[in-house]
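**Student:** Could you look at this predicted model? Sequence included:
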Amino acid sequence: MLHTLVDKVFLITTINSERFDYIISHLKENDIEYQIFVAPNYEIITDKIKVLHSGNDNRASISLLSAYQSIIEISKLCDYKSISIIEDDCYFTTNWQKSLMNFYNNIPFDWDLLNIGYHPLHDTDTIKKLYNEYAYIPENWHHTTHCMMVKNTVYDYFLSLYNKWNYTIPIDYMFNELYKNNNFRSYIPSSKFIYQISIRNDVYYIPGNPIRFKSTV
């Protein structure tokens, strides 16, 4: 159903991803049509660029940044009016379609950016304000990126950030730059129905208790 709301759904995975079999099965179960996009192999990426808050090895973050850049550029060239980007550690809960439509039908039609899978772990330091009972407006910090909806109205600005920051800020911080920009209308749902199932050292409850993966970023 997600693919009916946009022109194209992109699925980001990596070479030899341990999560690939999981995600294609999960998307099939949830009737989501998608195009696979394989991020660059991090081992071939320079280790000279340092990405903010990405640990000792920044190359995985740069691989993900590169994937988003390519997808946005492809979408611009193909004249896609709107797209969705799913990372391969995404989990859609039971009845997520109803929750998504409750959200989608209660925001302005001229939205620019929707983060429909924002991370539940960071509610304490996520800056957002209430729009209505179905939606928040994100303003900064820790919203993550594992399931996004993006309109062509932000393509150029998003791509310009790569020149400005030269791959030195992680992808979630790049989206923060759009949240902070008053020229764009960004929203996140007030209820959580799409989760990220890769973990670092944190453990949090996910409805349905799905398989978990160790984060590589």
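**Tutor:** Here it is on my side, so go on. Residues are numbered from 1 along each chain as shown.
**Student:** Distance check, the most centrally placed residue in the chain against residue 214.
**Tutor:** The centroid of the chain falls nearest to residue 145 when counting by Cα atoms, centre = their mean (2.5 Å). Relative to residue 214, residue 145 is positioned 18 Å away (Cβ to Cβ, to the nearest Å). All C-beta spots, glycine's among them, are computed from the backbone N, C-alpha and C.
**Student:** In the lengthiest helix in the chain, which residues are buried?
**Tutor:** Counting by DSSP state H, the longest helix found in the chain is helix 59-77. Residues 59-69, 71-72, 75 are the ones in helix 59-77 that count as buried (16 or more other Cβ atoms under 10 Å).
**Student:** likewise stretch 152-171?
**Tutor:** Buried residues in stretch 152-171 (16+ other Cβ under 10 Å): 152-155, 158, 161-162, 165, 167-171.
**Student:** What is the end-to-end distance of that stretch?
**Tutor:** Using Cα to Cα, to the nearest Å, the end-to-end distance of stretch 152-171 comes out at 18 Å.
**Student:** do stretch 81-94 as well
**Tutor:** For stretch 81-94, the end-to-end distance is 29 Å (Cα to Cα).
**Student:** Can you show me the strands along this structure?
**Tutor:** 8-13, 35-38, 82-87, 90-92, 113-115, 127-132, 135-140, 147-151, 186-189, 194-196, 198-199, 213-214 (DSSP state E).
**Student:** how about those strands in JSON lines, adding distance to residue 22 and mean pLDDT?
**Tutor:** What follows is these, written out as JSON lines (distance: least, Cβ to Cβ, whole Å; pLDDT from 0 to 100):
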{"stretch": "strand 8-13", "distance to residue 22": "10", "mean pLDDT": "97"}
{"stretch": "strand 35-38", "distance to residue 22": "14", "mean pLDDT": "96"}
{"stretch": "strand 82-87", "distance to residue 22": "12", "mean pLDDT": "97"}
{"stretch": "strand 90-92", "distance to residue 22": "9", "mean pLDDT": "94"}
{"stretch": "strand 113-115", "distance to residue 22": "22", "mean pLDDT": "95"}
{"stretch": "strand 127-132", "distance to residue 22": "29", "mean pLDDT": "90"}
{"stretch": "strand 135-140", "distance to residue 22": "27", "mean pLDDT": "88"}
{"stretch": "strand 147-151", "distance to residue 22": "15", "mean pLDDT": "97"}
{"stretch": "strand 186-189", "distance to residue 22": "23", "mean pLDDT": "94"}
{"stretch": "strand 194-196", "distance to residue 22": "13", "mean pLDDT": "90"}
{"stretch": "strand 198-199", "distance to residue 22": "11", "mean pLDDT": "76"}
{"stretch": "strand 213-214", "distance to residue 22": "8", "mean pLDDT": "74"}
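**Student:** what's the distance between the closest residue to residue 11 other than its chain neighbours and residue 85?
**Tutor:** Once flanking residues are discounted, residue 11 sits nearest to residue 34: 4.4 Å by Cβ to Cβ, 6 or more residues apart in numbering. Distance of residue 34 to residue 85, computed by Cβ to Cβ: 10 Å.
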